[in-house]
Structures are given as structure tokens and as C-alpha cells.
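> Here's my sequence, what's the structure:
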Amino acid sequence: MDRDGHETFEEMVGPIDSALERLWLRTARHASKRLGKLRFRAAKHLPFVLPLSGPLSGLDGGIRLALHVLSHDPLVIYTPIGGARPLNSVAAIGRRLASRRAAFLLMPSWTLERPHVVARLGRDLAWYRERFPLHELIFLCNTEEERRLVAAAGGTAIFSNHNLMVSEDIFRPLPDVPVEFDAVYNGRISHTKRHYLAFDVERLAHITFSIGELPRAGDRAFLRRLQAQSPLHRIANPVADGLPVRLEPREVNRVYNQAAVGLCLSAAEGAMCSSMEYLMAGLPVVSTPSIGGRDVFFDPDYCILADPDPAAIRRAVETLRDRAIPREEIRNRTLAKVEPQRRQLMQFLSELFERMGSSRPPLSRWPFPGTRTLRRWATARQHAHEIMACGAARDRS
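Prediction:
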């Protein structure tokens, strides 16, 4: 492990017998890291250094971001943020919407409980407000500590954990699905996810996918390592050309229902949507201690915080498996925690719409689709074109 408790690259891909393959993997890894750093630096800094007008102002238009327009009139946009400069993607889309009054609901997809990130965030907030005075930035923070840090840096922040967005219509108990596994772990291919902590669980289902953190050769080696652990461990995703194919949400829910317990094994991230998906599906949860907010809806009756050790994870899984807590009880108690927080956010949004000049009545229904729809990825240029075209069509009607 590294100093943050994450897996090293060598630990992720496991022992490689072939010296040639080891060399190839290391070479591919180094090349991938260098390219990733170049892309990261460009995306991190470019939106903040470009002029607001002229031929160079559009150079950040290719930056990809996830975005959902909650309302076109008034313009209210929901978008995840993260990284070392969380406002970089907001600056890229913001410059293209500078003439429109807009409110941005910013959802930290990675914890902001990092002092050096929040210090830079405060400076970037001041930069943004000076250049885009028609825009209001509102942070939907996953923990009270995150809200406190953002507010101290000068941001407008409320506590509203992003796991409120997980759809209970998709993630639910399926009584006709038999339990085949002691646990399921839904985690992408990443050193932060610490898959090795689950290796002592006797019967285990993995749901995994790649977002390009490793080179393709590294992804394939990682999958081979998972497949070699035990004949009672299974990768739930279809595998094509040695790489996992993403499952659709309803397929993910079916895999959850084949397991007795859901696993959360990272030390830090955002609020981890799969933690709420487990609970909506009625699974008890074994988690390591973490920052990021995934424990906001946990309950000690059906959630255990275990030491980040494979033996401890196995013991906790077996404990919750043997309790056999009814799935509807876990789901209903989770929904009872979720509903008042959803109502609070709806009240906040109703007041925001009114402040922005809307005559619509207060929200009476939850206005957000599921997390997959909320995270529609496109370039800043594409998103802005669609938003402006919709606004022009509305003005003509």
C-alpha cells in the first residue's frame, strides 16, 4: 500500500511470472501516467488563464464534464465537481453562459475535506465571481465538515449528501432472486478502491469497470488477478477482450440481490453512490472508516465499520450475513432517513427559483432523475450549445 492506504500498481495487477510482461506493464503504466498528467494539467489550469473573449477564449471547449439542467427558466444547472481545482469544469462551461443568469448546484464527487484544495477553491471562487457576476455557485456538500470548510473559504454551501439522488425505483429488493454470494463489491478499477480487502470473503461478486486510470494492459492484468482469487469469486460484468463491460443499473441491482452484504472499501472518495444503492436494495453494509460522506445514512444495526484488513472484512461480512436482517427493513429505514433531507433540498430549491424570479409553485415532487441521468457527459462546448439553443427557442415561442 502507499501512504494513503491505497494499493500500488504492482499490488493491483498481482504477481506477473513473465519478465517481458512485467516490463511491458511498467512501460505502459509510465506512459499512461505521463499522458494523464499532461491532460490533467491542461484541464486544471486552462479555463482560468484564457481570455474571456477573442480567438483563444474557446480553447477549453473540449473539456468534458457531467451536467444536468434542472431548470431552463430560471437556468439551474447541477454538475459534479472534483479534482485539485474543483471549479475548472465550471469555469469552462461558465464562460460560455456568461450572458445568462444561472445558478450552479455543485456536487463534490470527491471529498473537499482537504485543506490545500479548499484554500485554492477560495481563490478560484473569487476569480469566478469577478468574471461571471450573473452566476451563483452553490455547493451541495456531502458532510457537515465539508460544508463548514467551503463556507469558511467564502463559498455558498449547504449540507445535502449526493446519495439523495440514488433512485429507489431502480435499486430495490427482488424477492425472486436467490442469494449466491456472501458479499458484492461495486468498485471501478482504481487503487483507491482497495479490492484486495475483500479477498478473504468466501463467496464474492465483483462489479467493476474502467475509467482509464490504468492502461488497458493494466486493466486486463487487474481482471486476471480478480479472476484468479477463488472459484467462488465472480466478476459480474461481461468481459470482452479482457476488459469489463459496464452493467446497466437494473442489472447492477440484480447482482446486489444475489449477495448478502454490500462492501465499501476505499479510505476516501465522495459519498459513494453504491453505498446507497446497497441500502436501497436492502443489503447491510460493511465499510472501512473513510472520509467523503458515504456513512451519512448508515445505521449500526445493519452497517459495520471494520478495520482495513482482509480478515476483519471477512468477519464483518459473516456477522451481517448471519443476522439475516429483512431487506425491506433496511430499505424502509434508509428511506426514512432520506425523505426529510430530500424535503429540505426541495424547499431550498423552491426558494432559489423564487429568488431568481420564477413564478412556479414550490416543488412538491422530487425533481431529480437517477444518478446515471444526472451525469450525462459531453464537452463544455456541446453542453453550452444545447443550453443556449433551448433558451433561444424559448425566447421565440
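
> gap between residue 208 and residue 284?
Note on residue 208: its distance to residue 284, by C-beta to C-beta, to the nearest Å, is 21 Å. C-beta: built from backbone N, CA, C; applies to glycine.

> More neighbours: these two, which one.
Between residue 208 and residue 284, residue 284 has the larger neighbour count (other C-beta atoms under 10 Å), namely 26 against 22.

> any idea how far that one lies from residue 171?
Taken as C-beta to C-beta, the span from residue 284 to residue 171 is 14 Å.

> Repeat that for residue 206.
Summarising the geometry, the distance separating residue 206 from residue 171, computed by C-beta to C-beta, is 18 Å.

> Check residue 386 too.
Residue 386 sits 29 Å away from residue 171, taking C-beta to C-beta as the criterion.

> Which one's more surrounded, those two?
residue 171 (26 against 13).

> Residue 253 is in contact with that one, correct?
Yes - the pair residue 171 and residue 253 qualifies as a contact (C-beta atoms under 8 Å) at a distance of 5.1 Å.

> Now the common contact residues for the two.
With contacts taken as C-beta atoms under 8 Å, 6 or more residues apart in numbering, the residues that reach both residue 171 and residue 253 are 277, 281.

> Mind giving me the packing neighbours of the helix or strand containing residue 354?
With secondary structure defined by DSSP states H and E, residue 354 is part of helix 327-355. Helices and strands in packing contact with helix 327-355 are listed as strand 75-81, helix 273-280; criterion 3 or more C-beta pairs under 8 Å, 6 or more residues apart in numbering; DSSP states H and E.

> Buried residues, stretch 142-161. List them.
142-143, 146-147, 149-150, 153, 155, 157, 159-161 (16 or more other C-beta atoms under 10 Å).

> any chance of those in a markdown table, with distance to residue 50 too?
Rendered in a markdown table, the data for the buried residues of stretch 142-161 read as follows (distance: C-beta to C-beta, whole Å):
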| residue | distance to residue 50 |
| --- | --- |
| 142 | 30 |
| 143 | 33 |
| 146 | 29 |
| 147 | 31 |
| 149 | 28 |
| 150 | 25 |
| 153 | 23 |
| 155 | 23 |
| 157 | 27 |
| 159 | 34 |
| 160 | 31 |
| 161 | 34 |
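
> Closest one to residue 336 out of those residues, please.
Comparing these against residue 336 with C-beta to C-beta picks out residue 161 as the nearest, at 15.0 Å.

> What pairs with the longest strand belonging to the chain, parallel or antiparallel?
Longest strand in the chain by number of residues (criterion: DSSP state E): strand 64-72. Neighbouring strands of strand 64-72 in its sheet, by DSSP bridges, are strand 75-81 (antiparallel), strand 376-379 (antiparallel).

> Tell me which of these sits most buried.
Most buried of these by mean neighbour count (mean count of other C-beta atoms under 10 Å) is strand 75-81; its value is a mean of 22.

> Can I get that strand as PDB, trimmed to CA atoms?
Extracted C-alpha coordinates of strand 75-81, given in PDB (Å, rounded to 0.1, in the frame of the first residue of the first chain):
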ATOM      1  CA  LEU A  75     -31.400  28.400 -15.500                       C
ATOM      2  CA  VAL A  76     -30.400  26.000 -12.700                       C
ATOM      3  CA  ILE A  77     -27.600  23.500 -13.500                       C
ATOM      4  CA  TYR A  78     -26.500  20.500 -11.500                       C
ATOM      5  CA  THR A  79     -22.900  19.400 -12.000                       C
ATOM      6  CA  PRO A  80     -20.400  17.200 -10.200                       C
ATOM      7  CA  ILE A  81     -17.000  18.700  -9.400                       C
END
